[in-house]
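In: my questions concern the predicted model and sequence given below.
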Amino acid sequence: MAVWAVLAAAGKGERLGSDRPKAFARLGGRPLLAESLERLDGSDWIDQIVIAAPAEWEEPSILVAEEIVATKVHSTVTGGETRSESVRLALEAVPEDAAAVLVHDAARPLLPEDVIERVLTALGEDWDGAVPTLPLADTIKRVEGDRVVETLARDALVAVQTPQAFVADVLRAAFAGDLSDPTDCSSLVEARGGRVKAVPGDPRLLKVTDEEDLALVESWLEP
Ligand code: C5P
């Protein structure tokens, strides 16, 4: 039963303020993309990988794969205007007989093998999907403008990361519908009644948004 990974790397990453897309920001002397790609390629759980690359950065993405001697990269597709469009375009390269698809943000370079294991194991327990989650440290409030209107029950809330894993047919069906405004893949599956398991995530899966995040993740890299 083949497990495919989709690596969403087509974002512009404007908040990093660099002249290149975020996936090509330098992290420990290599493009950010190299880190998550190497971990997916080295994972015992993953069979094939499709990269969604920024337009005009398809070739450099292939070069990154070659530099790390990746053996599982099936193809690189040009990403879309939004993350979900990029994932949908990458899903088109995943064959019909794939059993499961794991979708990961290249912006989360440190990808622990045990998180991959946790989300994929859930699919074997009859869930439609699984997402890594972290408990919230802060109190969460709903606001309208600058007015606080509600304090939410924190014990019922979690922060959600990637990699997110899904039964391939379930994910494909979710992406066949309306893609306006989903914040992650799971929300599309949930909207169609899919059962998604929350499994423990990892603080090291921090999403790199600005220079400070980049420096923090760099400090966590193995020497
Ligand atoms: O912009 P943000 O950091 O939230 O993006 C999350 C992930 O989705 C990143 O890895 C980014 O490369 C990817 N993305 C994409 N296509 C887009 C926008 C974002 O693949 N159009």
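Out: It's in.

In: how about the helices of this structure, start to end?
Out: 32-42, 58-67, 83-91, 113-123, 168-175, 185-191, 211-220 (DSSP state H).

In: nearest to the ligand, out of those?
Out: helix 83-91 (3.4 Å; Cβ to the nearest ligand atom). C-beta: built from backbone N, CA, C; applies to glycine.

In: dump the closest one to PDB, keeping only the CA atoms.
Out: The C-alpha trace of helix 83-91 is given here as PDB (Å, rounded to 0.1, in the frame of the first residue of the first chain):
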ATOM      1  CA  ARG A  83      -1.500  26.600  -0.500                       C
ATOM      2  CA  SER A  84      -4.600  24.600  -1.200                       C
ATOM      3  CA  GLU A  85      -4.200  25.100  -4.900                       C
ATOM      4  CA  SER A  86      -0.600  24.000  -4.700                       C
ATOM      5  CA  VAL A  87      -1.700  20.800  -2.800                       C
ATOM      6  CA  ARG A  88      -4.500  20.200  -5.300                       C
ATOM      7  CA  LEU A  89      -2.000  20.500  -8.200                       C
ATOM      8  CA  ALA A  90       0.500  18.100  -6.500                       C
ATOM      9  CA  LEU A  91      -2.400  15.600  -5.800                       C
END
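
In: helices and strands around it, which ones?
Out: Counting contacts by 3 or more Cβ pairs under 8 Å, 6 or more residues apart in numbering; DSSP states H and E, helix 83-91 packs against strand 3-8, strand 48-53, strand 73-78, strand 100-105, helix 168-175, helix 185-191.

In: can you rerun that using 7 Å?
Out: Counting by 3 or more Cβ pairs under 7 Å, 6 or more residues apart in numbering; DSSP states H and E, the packing neighbours recorded for helix 83-91 are strand 3-8, strand 48-53, strand 73-78, helix 168-175.

In: can you put these in CSV and add distance to the ligand and mean pLDDT?
Out: Listed next are the helices and strands packed on helix 83-91 as CSV, based on distance: least, Cβ to the nearest ligand atom, whole Å; pLDDT from 0 to 100:
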stretch, distance to the ligand, mean pLDDT
strand 3-8, 4, 98
strand 48-53, 5, 98
strand 73-78, 10, 98
helix 168-175, 13, 97
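
In: next one: stretch 214-223 to chain centre, how far?
Out: Relative to the centre of its chain, stretch 214-223 is centred 19 Å away, using Cα atoms, centre = their mean, to the nearest Å.

In: which residues touch the residue of the chain found nearest the ligand?
Out: Closest contact between the chain and the ligand, by Cβ to the nearest ligand atom, is at residue 11 (2.8 Å). When contacts are counted by Cβ atoms under 7 Å, 6 or more residues apart in numbering, residue 11 touches 21-22, 83, 107.
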